[in-house]
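>>> Only the shape, not the letters, is given here:
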């Protein structure tokens, strides 16, 4: 069941209506060589991973490649995965790393940000039609602002300010100290506010006019 | 937690940032049915190439599909006595041994020059079929094998080679001790291939080339790209002497000058390039009791001569053409003797498991329908179809995946056939709607608008409503006679799906159609909307140019 609503946990989207309760059994089967079990895990968690990646890097064309990287990394980590963390958390951690690598390599490229693919970002619960159009413009604007941040700041900010993680959760996902995450997120916020202030009065950020 | 504003910025920006973050936090980006299937197929493909794939029996079921003779075996019309054996093991099971070094994974094993009758009934040497880090190819045989995910080689016997690289390393080293090796390396970041042969060390970054051992030296010839050859062990040559051999050139390491690429070798290299390993799930197919030289076709490619062993994709269209060399024994006997009844047998497990007889309908399918008239030229046999009953393990999902894999390697005909088989065999499956959609996409690309519209009309899944409707509008837009209908269709589409991924394209198409219908006055408001909402759309500037400056 897809959980909807403003107050619902945002990262508990479970595709295909399957409960996560038998994840450990599927993981054990996958570790023993049952590819069908691994495929089932993929189908179960792929949507959530894609959503997380999208929030972190935006709706870029490489999104699905990143999802694949996450599951390949998970596959490689299977022998050592002992289930200390829930699978969704474990995948989230891998997704954060994949997103960081992607943002960093994108930053090294001369042309900066990857072009967004023209797929819509689906917002839940679905607002009215006019609202959806406005939402799309807002998201494009925010993503353009986020593209100005360094990958580390961007990820810390999104985890804390967008996904609502506690500093401890974000630090565990990133693999950094809580203080470090806090500083990155604060700096990111300050930068974003400064850019918003700089664009005040202008019709909008470039590209979203 | 992040605290609210500091003094340097106002609360307006802070509220705005909160609002924007709220937007992003509510974003969900689930896969749709089609992209999820594609992603899963790509993942399966990638994992099948993982060094640790001993854990990945994924396609156990696909293996069973192969065991159930799910290969679409076509024709053997004029070739009495052709026998195909289908193995039941998936590639991962055949090839994967789980050892750390990178292994050669053969995908085609066939005779080089089929002598008349000499190979009839003889099995393909089992050692050549196995995945191994060492290949010892006897005289008269050819082995095509992949090595890692970017290198394919062809060894023509007598030849001997072994690989040294470890899984996970970017550089692959192949030692060629004897014979001729054709190789191609798909270039990529950090991918390097090194061939060590007598008197030469050849470094490759991405090319198609051949190396032949000539006594204590090596001849390196390049068809595409270039390689760097370091003369090794030759007296007088400084250790760092590097010769670059470019496309169309060859170099024998004992000679000072470069030579040209021999036409016969160029043809062999082209043949190597035309026969890449199958992608994704595979099943082994062994053609053993066929007349020597009978062609084995997979799709449109003749990939080997019988007797042969190869890995093919499940449901691949495999044809056995009785175009044996003139010296081959007669192939016009329409009824195979009992000993040549087709059977299903795992190529590797034949020693352990008794061969199983194929179902009578399949036996009929691969038996020749009528002999070739005397004097008639051998032609590609007509396709014969599998019995209508689908094997138990064949599912709509596996067919969808196979169609996707076929399309990924550019075999559109096979993809179309597989998708059509899917919709015929599984009309009520949840994957059928997606198959209709994919068929419509391919038909639209091929210009078959009628067929595309028929398939789109059959898509009945709500999750595909939006892409289906957009594609229908696009198909209509291709038909000049229905331009008005297409324009209305695009407008309706945008009203129904305002947040669609296709909104920009739909608006651009609607604008272009309006421009064609009524000129700039009719298109002006749409063009203004396009420029406002999607200023970076590729058509915006072009349409504006057609209409002059913005009013």
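Nice, thanks for sending it over. Model, not experiment: these values are computed from the prediction. Numbers count the residues shown, from 1 in each chain, chains lettered A, B, ... in the order given.

>>> Could you tell me the model confidence score at the residue of chain A found nearest chain B?
Across chain A, the shortest distance to chain B (Cβ to the nearest Cβ) belongs to residue A:35, at 2.3 Å. No exception for glycine: its C-beta is placed from N, CA and C like everyone else's. On the pLDDT scale, residue A:35 is placed at 77.

>>> any residue of the lengthiest helix in chain B up close to chain A?
The longest helix of chain B (DSSP state H) is helix B:503-533. Yes: interface with chain A: helix B:503-533 contributes B:503-505, B:532-533 (Cβ under 8 Å from any Cβ of the partner chain).

>>> From those residues, pick the one nearest chain A.
Distance to chain A, by Cβ to the nearest Cβ, is smallest for residue B:504 among the residues of helix B:503-533 next to chain A, at 5.6 Å.

>>> Contacts only, for that closest one.
A:118, B:530, B:533-534, B:537 (Cβ atoms under 8 Å, 6 or more residues apart in numbering or on different chains).

>>> sorry, back to before: pull the most distant pair out of the residues of helix B:503-533 next to chain A.
For the residues of helix B:503-533 next to chain A, the farthest-apart pair by Cβ to Cβ is B:505 and B:532; their separation is 16.0 Å.

>>> quick one: the helices in chain A?
In chain A, the helices defined using DSSP H lie at A:23-31, A:35-57, A:63-77, A:87-108, A:129-146, A:151-157, A:167-174, A:178-199.

>>> ditto for the stretch 351-500 of chain B
For the stretch 351-500 of chain B, applying DSSP state H, counting those that start in this stretch gives helices covering B:360-366, B:396-408, B:412-425, B:430-445, B:449-457, B:465-478, B:483-496.

>>> I'd like to know which helix or strand in chain A has the lowest mean pLDDT.
The helix or strand of chain A with the poorest confidence is strand A:122-123; it has a mean of 50 (mean pLDDT, DSSP states H and E).

>>> Relative to residue B:475, how far out is the residue nearest to residue A:41 when sequence neighbours are not counted?
Spatial nearest neighbour of residue A:41, chain neighbours left out: residue A:26 (5.2 Å); criterion: Cβ to Cβ, 6 or more residues apart in numbering or on different chains. From residue A:26 across to residue B:475, the span is 41 Å (Cβ to Cβ, to the nearest Å).

>>> Mind checking which of those two has more residues around it?
residue B:475 (24 against 20; other Cβ atoms under 10 Å in any protein chain shown).

>>> How about the contacts made by the more buried one?
Residue B:475 makes contact with B:440, B:444, B:449, B:452-453, B:456, according to Cβ under 8 Å, 6+ apart.

>>> of those residues, closest to chain A?
residue B:444 (18.4 Å).

>>> Look up how far residue B:40 lies from the closest one.
Look at residue B:444 and residue B:40: by Cβ to Cβ, they are 24 Å apart.

>>> just residue B:15 next, same as before
Remark: distance between residue B:15 and residue B:40 (Cβ to Cβ) = 42 Å.

>>> Tell me which of these two has more neighbours.
Per other Cβ under 10 Å, whichever of residue B:15 and residue B:40 has more neighbours is residue B:40, with 21 against 13.

>>> And the more buried one, how far from residue B:253?
Taking Cβ to Cβ as the measure, residue B:40 falls 48 Å from residue B:253.

>>> one step back: from memory the residue nearest to residue A:41 sits against residue A:36, does it?
No: assessed by Cβ atoms under 8 Å, residue A:26 is found out of contact with residue A:36, at 9.2 Å.

>>> give the contact list for the residue sitting nearest the centre point of chain A.
When Cα atoms, centre = their mean is applied to chain A, the residue found nearest the centroid is residue A:52 (2.5 Å). Contact analysis of residue A:52 by Cβ under 8 Å, 6+ apart lists A:11, A:92, A:95-96, A:99, A:163.

>>> Next one, pLDDT for it please.
Looking at residue A:52, its pLDDT is 93.

>>> Ok, residue B:511 next?
90.

>>> How many neighbouring residues does the nearest residue to it once chain neighbours are set aside have?
Of all residues not flanking residue B:511 in the chain, residue B:526 sits nearest, at 4.1 Å (Cβ to Cβ, 6+ apart). Neighbour count for residue B:526, taken as other Cβ under 10 Å: 22.

>>> Can you name the residues bridging to residue B:104?
Per DSSP bridges, the residues bridged to residue B:104 are residue B:132, residue B:147.

>>> That one reaches residue B:151, doesn't it?
No: the criterion here is Cβ under 8 Å, and residue B:104 misses it with residue B:151 at 9.5 Å.

>>> Between these two, tell me which one has more neighbours.
residue B:104 (27 against 21).

>>> what are the bridge partners for the closest residue to residue B:203 other than its chain neighbours, then?
Nearest-residue entry for residue B:203: residue B:228, 4.6 Å, with adjacent residues in sequence omitted and distances by Cβ to Cβ, 6+ apart. The partner list for residue B:228 in beta bridges (DSSP bridges) reads residue B:203, residue B:244.

>>> ok, residue B:228 - contacts?
Residue B:228 neighbours (Cβ under 8 Å, 6+ apart): B:202-204, B:242-245.

>>> follow-up on the earlier one: now the angle between helix B:483-496 and the longest helix of chain B, please.
In terms of direction (axes from the mean of the first three to the mean of the last three Cα atoms, to 10 degrees), helix B:503-533 departs from helix B:483-496 by 70 degrees.

>>> Check which element follows helix B:503-533 along the chain.
Once the chain leaves helix B:503-533, the next helix or strand it forms, by DSSP states H and E, is helix B:538-547.

>>> orientation of that next one relative to helix B:503-533 in degrees?
Relative orientation of helix B:538-547 and helix B:503-533, computed by the same axes, to 10 degrees: 60 degrees.
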